[in-house]
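[1] Sharing a model that was predicted from the sequence below.
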Protein chains: 2
Amino acid sequence: MLSAAQRDAYLDACRAAAVGHITELIGTRDRGHPAYRAVLDYPLREAKGLRPAIAIAVCRALGGRLAEIVPTASAFELLHNAFLVHDDVEDGSELRRHAPTLAVQLGVPLAVHTGDTMLSLALEPLLDNMRLLDLGRALRLLGLITRVMRKTAEGQALELTWIAEQRWDITADQYVEMVTHKTAWYTFAGPIAAGAIVAEAPPALIDELSRFAIDLGVAFQVRDDILNLRAEPSATGKESWGDLWEGKRTLILALFFARAAPEDVAFARALLARRRPGAGADPAAAQLDRALDRLGDRLAPDVRSAVHAAFCDIGRAALKSGEDVDRLRRMIEPEIEQAAHIAAEFASRASERWASIRPTMAPSIHRDLIESILEFTITREH
Amino acid sequence: MLSAAQRDAYLDACRAAAVGHITELIGTRDRGHPAYRAVLDYPLREAKGLRPAIAIAVCRALGGRLAEIVPTASAFELLHNAFLVHDDVEDGSELRRHAPTLAVQLGVPLAVHTGDTMLSLALEPLLDNMRLLDLGRALRLLGLITRVMRKTAEGQALELTWIAEQRWDITADQYVEMVTHKTAWYTFAGPIAAGAIVAEAPPALIDELSRFAIDLGVAFQVRDDILNLRAEPSATGKESWGDLWEGKRTLILALFFARAAPEDVAFARALLARRRPGAGADPAAAQLDRALDRLGDRLAPDVRSAVHAAFCDIGRAALKSGEDVDRLRRMIEPEIEQAAHIAAEFASRASERWASIRPTMAPSIHRDLIESILEFTITREH
């Protein structure tokens, strides 16, 4: 087994290789171009860099060469960060990895566009593969990424449609289907299959690795949702209980809505439907104050403050309050436990699959890294 | 020469082929999946379908086969519509092709995501090309689309950065650089080069066709901007003078800002910086009315209406008014003429290039179609 420090060093090295490759893709000539100014913003923020590390570790554990997998690993890192940029727009998130989201920093238009630029840059390594690798592997990688992008789009569409239709009656199976497509494919199954393709692993082994990856991915996402409801903001780089503030569909809430009494369902639905308070001052309140200023003496001071107070009360009533979020957080305690059991089931299935895959790989730091990510998924606390 | 009716029939047939192919890409199984519900929305709206027609016409004019170009033509149609969906989010547009934009219909989250889904679907025909064509052509097409996506991203970034930085001091050359990247590449140069690659045209001819395409593309976009300022909404499917309401950077405004007196510059800058009025009722005004209702007798009726009026005045002052937009529209009349001359110069350069390309193609309806698009770009009135 790797120590946590060894694992983190491996992850850091792979992330550096991917970021270095992305920087090369942008090219010296273009570094100052407005199109590329924000492309490296998310990739350079502190992050685990799971996807490139997984692709590289699987490739090398199966005897593949580092130089042959780095471009594809970088494509996954670009896709991941492009999805994050667009997710943050779609979810109205304010923080990502300890800093304001690109949408908050640059506005929605440039954030949407930066995501698009990252998606188009992600195609270049796949094209470079045609020269770097033999055509068979390069084409299989192109097919893999095309499939992964489509699966991810399908998963994200499920989630966004539930949000748009204000649906909370989601079964645990539907939730698992959503995260399998939205997360497990591009975080685990894609990078793992890419590593195995580059290393010329036999098809049966690639299939078994993919099944391992999906179980691992679902376990990872469910634990991620659990940790969001447990961790302090400093640990995750996101807001405390951001998933509740955002009204995100999680396994925990799906289980809660299936179990809760009608009055608790009504409370939770009403709370989750309300908007979150914005970070800045309310522009409508400032507009009111300017309008009241204009009326000068025509408005007695006590009437003026009554108008102001009534206006702000109404505005606040349309927003989520910290008290209500706290109350919901306490109500879902049993489901956090239940979700932890489900995550453990997926993790244990992944462990069984790993036990059959492991002997096909010679002992190496790369094999140890895969094992330590499995271990990390099961035990991580942030 | 084709008549307008023959040209439109050709365009319609190509668009139908592309939309049919996109429908096949989605697949029967997936047609009901939330991910694909909105993918065909823009492609099915009334449109010219320029890109697939250009790709198909060039391919066939050079002796290439229809079945070999349709998938790539469909990829360009998907890219185009994905860019439109995201552009409408980025520009805050309300109408597209005579109907509400996807962002207005579905909200920003699902609109951003639908664009992403379309971008990922656009990869599939490029993968299918590997089986459909010999590898050499399939790889050249993949390289072409990768380059086109990058150029488009660069052009769009220039424009969005000017908007974000509230820059209006744009030279005519900078404007031409922006539309060359943002529009001419994916509307003309990409589809034309794709058709030529599939038809196995010699590299020197592909280069000359690409130069023709860029000149044609710039002429097309400048004329588009001119028509936006001339046409009635019913003719373009967009709002009347939507570019002024949106504060879009056009050659006309670039020329105007370079020529106008300081007080006109100040007027135009202030107007263009203001927000456009939203389509719905102002939620802040409704919030104020509810707050005033709550205060009941504590507020005399005349004070109540004074508060309401002052509040709405302040809100309106932050919005563009139709009067001011009309005034700016009258101020830029000379630049509309000047821009028309510049468009004519690019169109005439495109015509000269066409004169040298034309003899390399045997006479056919396909060659006529290219010529009629050139003619249309020069003379169209909507």
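    Right, received. Where do you want to start? Note that the structure is a prediction, hence the values are computed from the model and not measured.
[2] going forward, measure contacts between C-alpha atoms and count neighbours the same way
    Will do.
[3] List the buried residues of the longest helix that chain A contains.
    If you go by DSSP state H, chain A has its longest helix at helix A:135-164. Within helix A:135-164, the residues scored as buried using 16 or more other CA atoms under 10 Å in any protein chain shown are A:137-163.
[4] Tell me where the stretch 101-250 of chain A has helices.
    For the stretch 101-250 of chain A, the helices defined by DSSP state H, counting those that start in this stretch cover A:102-106, A:108-121, A:123-132, A:135-164, A:172-179, A:190-198, A:203-228, A:233-236, A:242-246.
[5] and of those helices, who's closest to residue B:316?
    helix A:108-121 (23.5 Å; CA to CA).
[6] Show me what from the stretch 151-300 of chain A comes close to chain B.
    A:153-158, A:160-161, A:164, A:284, A:287-288, A:290-292, A:294-295, A:298-299 (CA under 8 Å from any CA of the partner chain).
[7] So what touches stretch A:349-366?
    Residues from elsewhere that reach stretch A:349-366, judged by CA atoms under 8 Å, 6 or more residues apart in numbering or on different chains: A:2, A:57-58, A:60-62, A:205, A:208-209, A:211-213, A:215-216, A:367, A:374.
[8] In the record's domain split, what are the boundaries for chain A?
    Here the domain parsing of chain A from automatic domain parsing is A:4-260+A:320-379, A:278-317.
[9] could I get those domains as CSV with distance to residue B:76 and mean pLDDT?
    Listed next are those as CSV, based on distance: least, CA to CA, whole Å; pLDDT from 0 to 100:
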stretch, distance to residue B:76, mean pLDDT
domain A:4-260+A:320-379, 14, 92
domain A:278-317, 39, 77
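[10] So which of those is the most surrounded?
    Among the domains of chain A, domain A:4-260+A:320-379 has the highest mean neighbour count (mean count of other CA atoms under 10 Å in any protein chain shown), at a mean of 20.
[11] Which strand or helix spans the residue nearest to residue A:212 when sequence neighbours are not counted?
    Spatial nearest neighbour of residue A:212, excluding adjacent residues (CA to CA, 6 or more residues apart in numbering or on different chains): residue A:350 at 5.1 Å. Element membership for residue A:350 (DSSP states H and E) is helix A:333-357.
[12] That helix to helix A:172-179, inter-axis angle?
    Per axes from the mean of the first three to the mean of the last three CA atoms, to 10 degrees, the angle that helix A:333-357 makes with helix A:172-179 is 60 degrees.
[13] can you give me how far the helix or strand that helix A:333-357 is followed by is from the chain middle?
    Later in the chain than helix A:333-357, the nearest helix or strand by DSSP H and E is helix A:365-379. Averaging C-alpha positions (CA atoms, centre = their mean, to the nearest Å) puts helix A:365-379 20 Å from its chain's average.
[14] Stretch A:135-155 too?
    The answer for stretch A:135-155 is 19 Å, by CA atoms, centre = their mean.
[15] do the same with stretch A:203-216
    Chain-centre distance of stretch A:203-216: 21 Å, with CA atoms, centre = their mean.
[16] Export it to PDB, keeping only CA atoms.
    The C-alpha trace of stretch A:203-216 is given here as PDB (Å, rounded to 0.1, in the frame of the first residue of the first chain):
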ATOM      1  CA  PRO A 203     -10.800  -6.700 -24.400                       C
ATOM      2  CA  ALA A 204     -12.100  -9.000 -21.600                       C
ATOM      3  CA  LEU A 205      -9.800  -7.200 -19.100                       C
ATOM      4  CA  ILE A 206     -10.900  -3.800 -20.400                       C
ATOM      5  CA  ASP A 207     -14.500  -4.800 -19.800                       C
ATOM      6  CA  GLU A 208     -13.800  -6.000 -16.200                       C
ATOM      7  CA  LEU A 209     -11.900  -2.800 -15.500                       C
ATOM      8  CA  SER A 210     -14.800  -0.700 -16.800                       C
ATOM      9  CA  ARG A 211     -17.300  -2.500 -14.500                       C
ATOM     10  CA  PHE A 212     -14.800  -2.000 -11.600                       C
ATOM     11  CA  ALA A 213     -14.700   1.700 -12.600                       C
ATOM     12  CA  ILE A 214     -18.500   2.200 -12.600                       C
ATOM     13  CA  ASP A 215     -18.900   0.700  -9.100                       C
ATOM     14  CA  LEU A 216     -16.000   2.700  -7.900                       C
END
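[17] Looking at the domains of chain A, which is nearest to residue B:188?
    In terms of CA to CA, the element of these nearest to residue B:188 is domain A:4-260+A:320-379, at 18.7 Å.
[18] Can I get the helices of the stretch 101-250 of chain A in TSV including distance to residue B:354?
    As requested, those are exported to TSV (distance: least, CA to CA, whole Å):
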stretch	distance to residue B:354
helix A:102-106	42
helix A:108-121	31
helix A:123-132	32
helix A:135-164	37
helix A:172-179	52
helix A:190-198	46
helix A:203-228	51
helix A:233-236	59
helix A:242-246	56
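[19] Show me the one of these that comes nearest residue A:91.
    Ranking those by their distance to residue A:91 (criterion: CA to CA) puts helix A:242-246 first, at 6.7 Å.
[20] CA atoms only: put the helix or strand following that closest one into PDB for me.
    Note on helix A:242-246: by DSSP H and E, the next helix or strand toward the C-terminus is helix A:251-259. C-alpha atoms of helix A:251-259 as PDB (Å, rounded to 0.1, in the frame of the first residue of the first chain):
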ATOM      1  CA  LEU A 251     -29.100  10.000  -3.000                       C
ATOM      2  CA  ILE A 252     -29.600  11.300   0.500                       C
ATOM      3  CA  LEU A 253     -32.500  13.600  -0.600                       C
ATOM      4  CA  ALA A 254     -34.000  10.900  -2.800                       C
ATOM      5  CA  LEU A 255     -34.100   8.500   0.200                       C
ATOM      6  CA  PHE A 256     -35.400  11.300   2.400                       C
ATOM      7  CA  PHE A 257     -38.300  12.200   0.100                       C
ATOM      8  CA  ALA A 258     -39.300   8.500  -0.200                       C
ATOM      9  CA  ARG A 259     -39.400   8.100   3.600                       C
END
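[21] which element follows helix A:251-259 toward the C-terminus?
    Following helix A:251-259 in sequence, per DSSP H and E, is helix A:262-273.
[22] quick one on the thing from earlier: off-centre distance for the longest helix of chain A?
    Averaging C-alpha positions (CA atoms, centre = their mean) puts helix A:135-164 15 Å from its chain's average.
[23] likewise stretch A:308-315?
    Offset of stretch A:308-315 from its chain centre (CA atoms, centre = their mean): 36 Å.
[24] and that stretch, is it in reach of chain B?
    Yes. Using CA under 8 Å from any CA, we find that stretch A:308-315 touches chain B at A:310, A:311, A:314, A:315.
[25] What helix or strand is the residue positioned nearest the centre of chain A located in?
    Nearest to the geometric centre of chain A sits residue A:84, at 6.0 Å (CA atoms, centre = their mean). For residue A:84, the enclosing helix or strand under DSSP H and E is helix A:66-91.
[26] now for that helix, which elements pack on it?
    Packing contacts for helix A:66-91, counted by 3 or more CA pairs under 8 Å, 6 or more residues apart in numbering or on different chains; DSSP states H and E, involve helix A:4-26, helix A:41-44, helix A:50-61, helix A:102-106, helix A:108-121, helix A:123-132, helix A:190-198, helix B:108-121.
[27] would a markdown table of those with distance to residue A:260 be doable?
    As requested, the helices and strands packed on helix A:66-91 are arranged in a markdown table below (distance: least, CA to CA, whole Å):
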| stretch | distance to residue A:260 |
| --- | --- |
| helix A:4-26 | 39 |
| helix A:41-44 | 38 |
| helix A:50-61 | 36 |
| helix A:102-106 | 35 |
| helix A:108-121 | 37 |
| helix A:123-132 | 46 |
| helix A:190-198 | 37 |
| helix B:108-121 | 29 |
